[in-house]
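Asks: could you look at this predicted model? Sequence included:
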Amino acid sequence: MTYKHIFLFVAIAFLFTSAACKKKKVDPHVPPDVRLKTDAPYTSTDKSLNKKDTILVGIVVTKTEDDLKSYNVSYFYDGIATGTTYYNYFMADNEKTGYEKDIKISTRNQAGTEKWVFTIIDRDGNMTQKTITLNVQ
């Protein structure tokens, strides 16, 4: 084997190794853009209410990276870790780039805390959540 062959062999091995070690572009995993409506008559922040009061929460969602997939509203009473689904929806084809929904919530007839979690998930599983805690008196 000549020096030219050894050099060629080392050069090819180097090129193969550096091509195999190159990092692939990482998906930034950008979650959907979500905002709660803040104008009257909407509630968008934590609030103290009476038993059996009703509020209106509006959500506006915009696709950032991937198509929108689903919207879920769940509540957690008095600090419990496991929530209950109040509303669950899968986006229709015409809603995969943007979605808007109003939800009417009535507090229970019992004093305590109610944490309401609004979750949007896109096609790749990226998630954005907004939370409102209601102190029921």
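Replies: Here it is on my side, so go on. The structure displayed is predicted, hence computed values, not measured ones.

Asks: what about the helices in the chain?
Replies: Along the chain, counting by DSSP state H, helices occupy 3-21.

Asks: low-confidence ranges in it?
Replies: Counting by pLDDT under 70, the chain contains low-confidence residues at 1-27.

Asks: now with 80?
Replies: Scanning the chain for pLDDT under 80 picks out 1-28.

Asks: for it, what spans make up the strands?
Replies: Here the chain has its strands, by DSSP state E, at 33-36, 47-49, 54-62, 68-77, 84-90, 98-106, 112-122, 127-136.

Asks: in its sheet, what does the fifth one sit against?
Replies: According to DSSP bridges, the neighbouring strands of strand 84-90, each with its direction, are strand 68-77 (antiparallel).

Asks: if we look at the strand it pairs with, which residues are touching it?
Replies: With CB atoms under 8 Å, 6 or more residues apart in numbering as the test, strand 68-77 has contacts from 32, 59, 61, 82-91, 95-99, 101, 103, 108, 112-123. For the C-beta atoms, the positions are set from N, CA and C on the backbone; glycine is no exception.

Asks: what about 7 Å?
Replies: With CB atoms under 7 Å, 6 or more residues apart in numbering as the test, strand 68-77 has contacts from 32, 61, 83-91, 95-96, 99, 101, 103, 112, 114-123.

Asks: how far off strand 54-62 does it point, in degrees?
Replies: Here the directions of strand 68-77 and strand 54-62 differ by 150 degrees (axes from the mean of the first three to the mean of the last three CA atoms, to 10 degrees).

Asks: may I have strand 68-77 exported as PDB, CA atoms only?
Replies: Extracted in PDB, the C-alpha atoms of strand 68-77 (Å, rounded to 0.1, in the frame of the first residue of the first chain):
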ATOM      1  CA  LEU A  68     -53.800  22.200  16.200                       C
ATOM      2  CA  LYS A  69     -55.200  18.800  17.400                       C
ATOM      3  CA  SER A  70     -57.300  19.100  20.500                       C
ATOM      4  CA  TYR A  71     -58.800  21.300  23.200                       C
ATOM      5  CA  ASN A  72     -59.500  20.200  26.700                       C
ATOM      6  CA  VAL A  73     -61.000  21.900  29.800                       C
ATOM      7  CA  SER A  74     -60.700  20.200  33.100                       C
ATOM      8  CA  TYR A  75     -61.400  21.200  36.700                       C
ATOM      9  CA  PHE A  76     -59.600  20.300  40.000                       C
ATOM     10  CA  TYR A  77     -61.600  20.800  43.200                       C
END
